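> structure, please.
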Amino acid sequence: MGEKSVQKKKFILETARKVFVEKGFKKVTMKDIVEACEISRGGLYLYFDSTSQIFLEVMKLESQEADDVFSDSIAEDATAADILILFLREQKKELLRKSDTLTQAVYEFYFQGQPGKKGNILKRQFDSAVRIIEKLIETGVESGEFLCEDCKGMARNIMFVLEGLKISAQTIGITAEAVDREIQFILKMLGVGENENVLE
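Below you'll find the model as predicted:
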């Protein structure tokens, strides 16, 4: 794919993201994306076959961008505790964001049709995050920063807590205090001092 095509595809994905943020996933049609991008229907179909395909690419792009921002924020001399706290701070920001979020669209996408195929992608992302957090906790245990007997179980628990908070944020609403309380509990379970103002 030439540079012009790469840029065009990126433009379509960035524009489609705005449409998904505004309308969720279920209500978006290819026509909506054509109109938002101000391109021909054929121009869109050169790159994508369906809204599902576009949404998967939007999610992939979003994940890469979040990973880049997170990686760029990590100082060279960061400890395992520094990295975990930074990760939890980023999660808090995402949880409290009231607009410009794909969370509703993501849940609609996964609850609509072909759950096996789509569910595998979500499961892979979840499992990958668990493995990364597990390695981080193991590193922190080895350096004496964390106290933990079951690093994998703790990593899985962190991800389940964050996923539950995401659902709460979309359904019943959530406050900064509630997020802080859950994150402080995670840190306390790892032996990180409760009096540290780590979430600001």
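
> surely Gly24 meets Val106?
No - contact criterion Cβ atoms under 8 Å: Gly24 and Val106 do not qualify, at 9.4 Å. (Each C-beta comes from the backbone N, C-alpha and C, glycine too.)

> the more surrounded of these two?
Val106 (20 against 17; other Cβ atoms under 10 Å).

> grab the nearest non-local neighbour of the more buried one.
Distances taken as Cβ to Cβ, 6 or more residues apart in numbering place Met59 nearest to Val106, at 7.0 Å, with adjacent residues excluded.

> show me the contacts for Phe55.
The contact partners of Phe55, by Cβ atoms under 8 Å, 6 or more residues apart in numbering, come to 16, 20, 25, 105, 109.

> write the PyMOL selection for whichever of the residues you listed are buried.
Typed into PyMOL, the next command selects the buried ones out of those (criterion: 16 or more other Cβ atoms under 10 Å):
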select buried, resi 16+20+25+105+109
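
> which of the contacts of Phe55 fall in helices?
In helices, judged by DSSP state H, the following of the contacts of Phe55 are found: 16, 20, 105, 109.

> closest to Ser168 among these?
Ala105 (17.5 Å; Cβ to Cβ).

> roughly how far apart are the closest one and Val28?
Distance, Ala105 to Val28, by Cβ to Cβ, to the nearest Å: 8 Å.

> anything in contact with each of those two?
With contacts taken as Cβ under 8 Å, 6+ apart, Ala105 and Val28 have Phe20 as neighbours in common.

> any weak-confidence spans in this protein?
Applying pLDDT under 70 to the chain flags the ranges 1, 69-70, 73, 113-120, 193-200.

> pull the longest helix from it.
Looking across the chain with DSSP H, the single longest helix is helix 115-142.

> what helices or strands is that one leaning on?
With contacts taken as 3 or more Cβ pairs under 8 Å, 6 or more residues apart in numbering; DSSP states H and E, helix 115-142 sits against helix 51-73, helix 80-96, helix 103-111, helix 151-171.
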